[in-house]
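> Sequence and predicted structure, then a few things I'm wondering about:
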Amino acid sequence: MRNNRRTFLKQAAGLTAVCYAGFDLDPAQAVPAVPAQASPSWYGRPMRWIQLAFVEDDPGNYDLAFWLDYFGRIHADAACLSAGGVVAFYPTEIPLHYRSRWLGTRDAFGDIVAGCRKLGMNVVARTDSHACHQDVYDAHPDWIAVDAKGNKRRHPSDSDYWITCALGPYNFEFMTAVHQEIVRRYGVDGIFTNRWSGSGICYCQHCQDNFKAFSGLDLPRTTDPQDRARRQYLVWNQERLFELWRLWNEKIRAFNPNASFIANAGGGALSPLDMKTIGELAPTLFADRQGRSGLMAPWANGKNGKEYRAAMGGKAIAGIVSVGLEEKYRWKDSVQSPSEIRLWMADGIAQGLRPWCTKFNAKLIDRRWLPVLEEIYQWHHANEAYLRNEKPLARVAIVYSQQSASFYGGDNARALVEDPALGFYQALIEARIPFEMVHDRLLDPAHLAPFRTLILPNIAALSDAQCAQVRDFVGNGGSIVATFETSLYDEWGVPRKDFGLADIFGVAFAGKVQGPMLNSYLSLQHEPGAAAPHPLLDGFDDATRIVNAANQVDVTPLNKGAFSPLTIVPTYPDLPMEAVFPPPLAAHTPGVFLSTHGDARVVYFPGDIDRTFWEILGVDHAKLLRNAVLWATNEIPPVTVNGPGVLDLAVWRQKNSMTVHLVNLTNPMMMKGPIRELIPIGEQRLRIGIPDGRTVREAKLLVAGKTIPFRTDEVSIALEVPSIALHEVVALDFAAESPSSI
C-alpha cells in the first residue's frame, strides 16, 4: 500500500529523532557564553548590516581591531559572521566538525562576536552546509550527495571537499547539532546558512527512500514539470526543506527563544521555495543578490526588494551587496567600481532593502571599497528616520508567479515567465510609474487593497481559486493588464480548454499559439466618429503600424463588435525583397482587447508583447505598455516626475513624513555594467500627492542636504529637484496632526 504525505512526514520525524540521539544538545544545560542581547522584536531594529565571511586562514592573520573600528565608523548595527559548518572558526566539540587549521587555541568567531556586542550590534552566525571533508565521507558515506548515475559527488571547485545531501541526516542531524552548539555557546540572534537547500537533485539512498515513502514513485530522471514524478519531487523537495527550517527553528529557540534560523532563500518567480510560506516562517529575510553580471539591469536589486516585500509585508528585509564582481568566473577577492557599488546599493535602498555589505576574506587585499561603503552608510545613518518606511504608496503592481515558473515554464521558465515580467518592469521604469510586486498566492483582498491596477505578464498557471480572486478584484473596481497565455493553464501547468479569465479578457481560446512570427505588425486604428485617437495610441501620431509581438495566442472575441485600436497584420514574406508586402486582409483580428467592468478597466494583449519588448527593447512597445497601464489605472498617480533621463521611482510613507526616491539610471553602462562614472541629469519637476488629512511642513533633499521651496494646493505639492548625480530623496515632513484627525 502506498504511503501518503502525512505518513511520510511522520516517518521522517521518527527517523530524525533516531538520528539526533548522538548529537542533540540538552537545553537545560544551556549557559550561553555571551548572553542574548536581542528581544523578540529585534529583527526590525538593524538598519545597516555588515558581513565578514572568513576564509580558513583568517584566524591569526587578520586585524580584528581594524574591523571593529570600521564597523563603528559606518554605524553598522548588525553583523553576519562566519561560525561553522564546512569550517569551524571556534573550538567546536562536535565530532567531525572540521576546525580551521589556523585556529589553534583561538576562538576567532567568539572574539569578533564579543567585539560586535560591545558596539551594541545584533549578531547572526553564518554557517555553510553544502560541503564536507574526507573524514565525514569516511564515517558517513550516506551523507554525501549522489548524482543520477549513482556516483558520490566531489566538490567541483575543490576536490578536497564532497558535496553533502541537504535532505538527509547531514542537515537534519549533524548541522542541527552545529547550530545548537553555536547558539548555546554564543547566544547569537540567529543562524544564517549558506547553500543549505541542496546542490541539485540528489539520488542518495535517503532521498530515494524518503521520496518513495512520500509519493510511491522513484526519483525523476527528467526536468519536465508535466512528468508525474518530477511534479511530485518539486512538492516533496519543498516540504522537506520547510520541515528542516522548522526543525532548526525549534532547536535554536530551545537555547535562545529570541533567535531563529534565517534561511538564505527566497526571491522572484524563478526561486524554488514558495515565497508565501517563506513569508510566514521568516521573521526577517536577506536578498542574496550580491551584484549584477551580464545584461542584468541596475534596477534588478530594487526588484529583489519588491519581490521579497510582496511576501514579507512589513517585516524588515535587507539586500546583500558584495564589494566584489559577481561574474561566472568567481573572482571572490575582486572589487567593484565605486560607482557600481553605489548604484546597486542605492536602488535597493530606494525600494525598501536595508543595506547589507558582504566582504569575503577578512584580510584586506584591496581597500578601494572601504571609503565608498563608509560614505553610503554614514549618509544612511544620518537619514535613518526617513528610511524606516511604513508602507509604499504605489497604485500599480506586477504579479509574479512561482507556480507558473515551476509547472508551466520548466526549463524555459526564464523566457516564458521571467522575461515578460522584466519587460513590463523596464517599461514602467521608463514611464516613471511607481509600482510594487504581488505574489500570485497572495491575491486576497487584503494584499490587493492598496492597488488600482494589477499587471499579469504571462501569468499562465492560475488555479480556479486564483482566477476567482482576480475576478473579485475586477468586481471591486480594480483594473487588469494581462498578456499572452495568462490563465490558459491551471496551477499545475495543465492546459485548459479556455482561459480561466476568458470572461474578464473578453476572448475565448481558439486552440492555437503561433510563433515565433516573422515580419508581423500591429496596425493602428482610429475609431470612426471619435474626436481623438484612443489613449492607447498616445505618442503614435505619425504612425500607421508598429511591430507586433513575436508570439501570439489565437483568440475569438466574445464581443464581435467591440472596437480595438490595434489589429494584427499577419506574417508575410521578408525575402525576396520584391515579395515584402502584406496581402489584402479579409479579416482584421484585434491585437488588443479593451473592456470596462463597472469602474474597472481591462487590457488584454494576445501577444507576448512584454517579453518581446525585453528582447528587443523597441520604443513602440514601451509606449504601448505604458499607455495600457495609464488607461487601465485611470487616476491621478501618487507622483509624476518630468525631466530628462531614466529614473527608478519609489514613494514611501513613514511615521511623520513621506519620501520620493529618485535613482538615476541614465548611463551608457545601464544594461551591461559595471558603470565607470556617475552621469548627472538635469532638473526634475515633481508633483506629489499628499495623504488625506496631512499638511506638508517642510521639503528637503536628503542627498543634497538642503531644504527646498514647494508650491501646494489642496491635494498635492509641486517642487523641483535641480539635478541628480545618482540618488536623491525628496523628504516631506508633515505638520503635527490635529487632535480631531488622530
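Perfect, thanks for sending it.

> Make sure Arg452 is actually in contact with Ile480.
No - under the criterion of Cβ atoms under 8 Å, Arg452 is not in contact with Ile480, lying 10.6 Å apart. Using the backbone N, CA and C atoms, a C-beta is placed for each residue, glycine as well.

> more crowded one of the two?
Ranked by neighbour count (other Cβ atoms under 10 Å), Arg452 and Ile480 place Ile480 first, with 25 against 20.

> Next, please give the residue ranges for the helices of the stretch 401-550 of the chain.
Ranges of helices in the stretch 401-550 of the chain, per DSSP state H, counting those that start in this stretch, are 402-403, 413, 419-431, 445-448, 464-475, 502-505.

> Can I get the last one as PDB, trimmed to CA atoms?
Backbone C-alpha positions of helix 502-505 (Å, rounded to 0.1, in the frame of the first residue of the first chain) are rendered in PDB as follows:
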ATOM      1  CA  ALA A 502     -12.000  34.500 -20.500                       C
ATOM      2  CA  ASP A 503     -14.900  36.500 -19.300                       C
ATOM      3  CA  ILE A 504     -12.600  39.200 -18.000                       C
ATOM      4  CA  PHE A 505     -10.400  39.300 -21.100                       C
END
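
> got the contact list for that helix?
470-471, 474, 480, 482, 486-487, 499, 508-509, 555, 558, 593, 595, 597, 602, 604 (Cβ atoms under 8 Å, 6 or more residues apart in numbering).

> Would you mind listing which of those are buried?
470-471, 474, 480, 482, 486-487, 499, 509, 555, 593, 595, 597, 602, 604 (16 or more other Cβ atoms under 10 Å).

> In the top helix by length along the chain, which residues are buried?
Longest helix in the chain by number of residues (criterion: DSSP state H): helix 228-253. Using 16+ other Cβ under 10 Å as the test for burial, helix 228-253 gives 229-234, 236-245, 247-249, 251-252.

> so after it, what's the next helix or strand?
For helix 228-253, the following helix or strand on the C-terminal side (DSSP states H and E) is strand 260-263.

> who does that following strand touch, helix- and strand-wise?
If contacts are counted by 3 or more Cβ pairs under 8 Å, 6 or more residues apart in numbering; DSSP states H and E, strand 260-263 sits against strand 190-194, helix 228-253, strand 285-287.

> shaky segments in the stretch 501-650 of the chain?
586 (pLDDT under 70).

> Can you report how many residues lie near Gly409?
24.

> Test for you: state the pLDDT assigned to it.
pLDDT for Gly409: 97.

> Tyr572 against Leu585, yeah?
No - taking Cβ under 8 Å as the definition, Tyr572 is not a contact partner of Leu585, at 10.4 Å.

> between the helices and strands packed on strand 260-263, which gets nearest to Asp58?
With Cβ to Cβ as the measure, strand 190-194 is the member of those nearest Asp58 (16.3 Å).

> List the strands paired with that closest one, with their directions.
With DSSP bridges as the test, strand 190-194 is paired with strand 122-128 (parallel), strand 260-263 (parallel).

> which ones are touching the closest residue to His133 other than its chain neighbours?
Distances taken as Cβ to Cβ, 6 or more residues apart in numbering put Tyr98 closest to His133, at 5.0 Å, once the chain neighbours are dropped. Counting by Cβ under 8 Å, 6+ apart, Tyr98 makes contact with Val86, Val87, Ala88, Cys132, His133, Asp135, Val136.
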